[in-house]
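K.L.:
The sequence and its predicted three-dimensional model are supplied below.
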Amino acid sequence: MPPDHPARPTAPRPAPAPPAALAARRGATPGTTLTTMLTPNERLRVDAAGAGIYHALHRETLDDVIRDVRERGATAVLVSVACCAAGDPARVATMVREFPRVPAVALLSDAGPATPQAVLSLGRSGVQRLVDARHPSGWGELRRLLQSGPSAALERSATALLAADLAGAPDGCRRFFEALFAAPADVCTVRQLTRGLGVVPSTLMSRFLRAGLPSPKRYLAMARLARAARLFENSGMSIANVAARLEYSSPQSFGRHVRTLLGTTAGRFRQDYDGDGMVERFRAELVRPHTAVLRRFDPLRMRL
């Protein structure tokens, strides 16, 4: 006999989400974009070890790896000792020299007759970190190295210095300054910044104005220039590369931004400042002259 109710059509099963999407659902977003030149087996193991910590871009050639660093926001490089055994050490040396702030890590997952020479060659090329993945502890070491990249280092140093400047300040004040340096590179407006702070943009701006402080927009703009200065520590990064990485609409827009804030050209800015130097200017212009107010100021819950 036919069923009382027609069978419901079966909905197609969704395709499995990539590791980065799964990490985001769990509340953990990959902190590093990793570009690699690995064997097929190493790629699988690297992906499995890095869910929620890094997102890997697997490439076949060193030129593609360098392009990822220069144009696609990769903040670390992982190269296989096996892949480099017959590679071009001079090309590796050029990459390390042009991108000193991008950690370059060699991965050793298997040993053969050519391994010792390949390891020595990578060392002479400037690759100073070797992860021995033949042992389980090697994967933990890889995760540790990739979580301490240049952006994280700038965030930590800036946050520590500002914490000393603002000793005793309300929690909301400290959270605001931490957010300036912890926000993703594509956060370029106060509206975007406030999404994680639990305050309406207009309210935040009004509170800074009433306290007689520089605007939140200026604080954010100067923090972004500190990031730009850190990127410029890599000689292989052009002004166009840095502008694109930090979500400016064009190199010209970035140049106007630098001139408005600092009264200089983008090229001169590159020559005059590194990341730490721009953090120091940030403190000198926007924090130290206002410490008496900032130490009593809570922009997220007004207390003056």
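P.N.:
Arrived safely, thanks for sending.

K.L.:
Could you pull out the strands in the stretch 101-250 of the chain for me?
P.N.:
For the stretch 101-250 of the chain, strands defined by DSSP state E, counting those that start in this stretch occupy the ranges 104-108, 129-132.

K.L.:
Just give the strands next to the longest one in its sheet, each with its orientation.
P.N.:
Here strand 104-108 is paired, per DSSP bridges, with strand 76-80 (parallel), strand 129-132 (parallel).

K.L.:
which other residues reach the first one?
P.N.:
Taking contacts as CB atoms under 8 Å, 6 or more residues apart in numbering, the residues outside strand 76-80 that touch it are 32-39, 42, 46, 54, 56, 62, 65, 69, 92, 95, 99, 102-107, 109, 122, 127, 142, 145-146, 149. Placement of C-beta: from N, CA and C, glycine included.

K.L.:
hmm, back to that, for residue 217, find the nearest of the strands paired with strand 104-108.
P.N.:
The minimum distance between residue 217 and the strands paired with strand 104-108 falls on strand 76-80, with 31.3 Å, by CB to CB.

K.L.:
Pull out the buried residues from the contacts of strand 76-80.
P.N.:
32-38, 42, 46, 54, 56, 62, 65, 69, 92, 95, 99, 102-107, 109, 122, 127, 142, 145-146, 149 (16 or more other CB atoms under 10 Å).

K.L.:
pretty sure residue 201 is touching residue 191, no?
P.N.:
Yes: between residue 201 and residue 191 there is a contact under CB atoms under 8 Å: 4.7 Å.

K.L.:
higher neighbour count, those two?
P.N.:
Of the pair residue 201 and residue 191, residue 201 is the one with more neighbours under other CB atoms under 10 Å, namely 17 against 12.

K.L.:
give the contact list for that one.
P.N.:
Neighbours of residue 201 in contact, by CB under 8 Å, 6+ apart: 190-191, 194.

K.L.:
Let me know the closest of those residues to residue 246.
P.N.:
Once CB to CB is applied, the member of the contacts of residue 201 that ends up nearest residue 246 is residue 190, at 15.9 Å.

K.L.:
any idea how far residue 158 is from the closest one?
P.N.:
19 Å (CB to CB, to the nearest Å).

K.L.:
Looking at the two, which has the bigger crowd around it?
P.N.:
residue 158 (25 against 20).
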